[in-house]
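**Q** Okay, here's the prediction I keep looking at, along with the sequence it came from:
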Amino acid sequence: MIVSAFGYSVPFTVVLVALALLLGLAITVMFWLTIGLSVYRSVQDTQRNRVRDELQTELLDGVFSSDTDWTQWVEGLSATERDVVESLLDEYLRELDGENVAQLQDLGAILGIPNRSKQWLKYGGEYKRLHALTWLTLLGCPEQLEQTDFTPRTSRERAAVVRLRYDCDDLNNPREGLRLLLDNVSTQFTVFGQDTLYRVALDDPSALFEVSAVNYQTWSEPLLLQVLVVCQHLGNSVTTENVSWVTSMLEHENKAVRAAAARALRNVGWRSDIRDGPFLDRVINDPSPMVRGAVSQMLAEWGDSQALDALRNQLETEANPRSRLIGTNALVRSGERFHVDISQPLATAMVWSTEHAEYDDIARQRRQQVAD
Amino acid sequence: MDATGRTLVVDDDEPIRKMVSHRLRSAGYTVELCKDGQEAADILEDGLDWDLIVLDVMMPRLDGKRLLRMVRNGELGVDSKTPIIMLTSRGREEHVVEGLESGADDYVTKPFRAPELLARIKKYLND
């Protein structure tokens, strides 16, 4: 068979042999590149490990000495040694607090990390920019953001910027950080982002409810769930009047969102408008057992007579065994019982919950006795 | 240096082990390092006298809480009343209370101030 192209005619066998040779050459090149890179990395790791112990001791000597000359020390380091020192610096800045951190931050500045971070913020890709923001947080340099006129482009960068400014006390108020995190976004946070949201919101829980009320309609369901989970963990210091966006989430089509909304409302049971009869009737009859379970915990947490009556009513008609048990557990934990005769499945659940609570108390007392 | 005291530092985080041992050795104390709870349990099983144990909570193989219970229950050769300082990043109030209820003598959370840790350690070693 003959293959013709561009005015040439070549036997097909020759074409196959040429292709095989090219493929073989490519595989050979890849093989040697892989071997070469592995050897290079191995040599680098060996060099790093060889100097790490000594550098770590010198670093600790410097950190705990009052007259350390970091400039002279850094000038005497090779490129590999600088690399090792930077990785050690990263680790110790995360573990230490107090006056020794200032020493480490001085070392970071002498190593040129803030200036390098500034370049990464200007010209780097997202990974480099996040790396830069992490370093600036560890080194306590929020001013670099202003100097580079940096604007976060992704939700991960928003979280990193807020964490930097929060850790360095550079936010004018928590609301500013919350708006930076939540205004005009729709995608969910990473775990770091959600943790940052929680930390900032803890300083002003009401601000989170208020900023969320303005933005929640633009959020994706995962982001909505993350914010509701944060609201759930803010404790009892939520004083805002604006929780209507959370109560409206009890009507959401996704049962996970409805359950998260019920958990978020545990802390705001003092509000009369969400404890009115029609509202309670609606939420205790939710079609999802998971949501009814969350609602029963919410009612037990509120703990007033109206909420506890609603919880008892819910349990008397609860058909799902799991939801029933969650409800009886919540009722018993709040120190309440039924005052009238109850149906057999509910009575069994109450017995189980009561015994469980008693054994839990005994175990805790026993542990206390052992500790004493 | 006239300081005396044998301290066992148990932490899976190598920089922390180095840092604590650096401070204690600078102060003249004898320090042994372990990188997880199981290694520490093997050493404590030998029944040598230890004046203090500095213990991380979350570690591979055997965690700090379990090792603490083993020491307090007398399951190891070491004196069950040996002072133990927990060193951990689990710094929420309930974690601290839980740690102290489990039998720890003191609780230091990361990130920590090195002078504060050293002061607490010295308190137990000099008692």
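**A** Structure received.
**Q** A:Arg259 is in contact with A:Ser288, isn't it?
**A** Heads up, residue A:259 is Ala, not Arg. Yes: look at A:Ala259 against A:Ser288 with C-beta atoms under 8 Å: they come within range, at 7.3 Å. Where you see a C-beta, it was placed from the backbone N, CA and C, and this is true even at glycine.
**Q** ok, these two, which is more surrounded?
**A** A:Ala259 (26 against 16; other C-beta atoms under 10 Å in any protein chain shown).
**Q** OK, contacts around the residue in the stretch 51-200 of chain A that chain B sits nearest to?
**A** Nearest residue of the stretch 51-200 of chain A to chain B: A:Gly98, at 3.6 Å (C-beta to the nearest C-beta). Neighbour list for A:Gly98: B:Arg113, B:Ala114, B:Pro115, B:Glu116 [criterion: C-beta atoms under 8 Å, 6 or more residues apart in numbering or on different chains].
**Q** Select from those every entry located in strands.
**A** Among the contacts of A:Gly98, DSSP state E puts B:Arg113 in strands.
**Q** So which of the contacts of A:Gly98 wins on neighbours?
**A** Highest neighbour count within those: B:Ala114, with 22 neighbours (other C-beta under 10 Å).
**Q** you'd agree that residue is up against B:His22?
**A** No: using C-beta under 8 Å, B:Ala114 is not in contact with B:His22, being 9.1 Å away.
**Q** Close to chain B: what parts of chain A are there?
**A** Chain A has residues A:56-57, A:60-61, A:63-64, A:88, A:91-92, A:94-101, A:367-368, A:370-371 near chain B, with proximity defined as C-beta under 8 Å from any C-beta of the partner chain.
**Q** Show me which of those residues are buried.
**A** A:Gln56, A:Leu60, A:Val63, A:Phe64, A:Leu88, A:Glu91, A:Tyr92, A:Glu95, A:Leu96, A:Asn100, A:Val101 (16 or more other C-beta atoms under 10 Å in any protein chain shown).
**Q** and the longest helix along chain A, how far from the chain's centre?
**A** Scanning chain A for the helix with the most residues, using DSSP state H, yields helix A:12-63. With C-alpha atoms, centre = their mean, to the nearest Å as the basis, helix A:12-63 stands 35 Å off its chain's centre.
**Q** ok, now stretch A:161-179?
**A** Worked out by C-alpha atoms, centre = their mean, stretch A:161-179 lies 16 Å from the chain centre.
**Q** Give me the residues contacting it.
**A** With C-beta under 8 Å, 6+ apart as the criterion, stretch A:161-179 contacts A:133, A:136-137, A:140-142, A:145, A:150, A:152, A:180-181, A:192, A:196-197, A:199-201, A:203-204, A:207-208, A:210-211.
**Q** Tell me which helix or strand comes right after the helix-or-strand element of chain B with minimal mean pLDDT.
**A** The weakest-scoring helix or strand in chain B, judged by mean pLDDT, DSSP states H and E, is helix B:93-101 (a mean of 67). Using DSSP states H and E, the helix or strand that directly follows helix B:93-101 along the chain is strand B:106-109.
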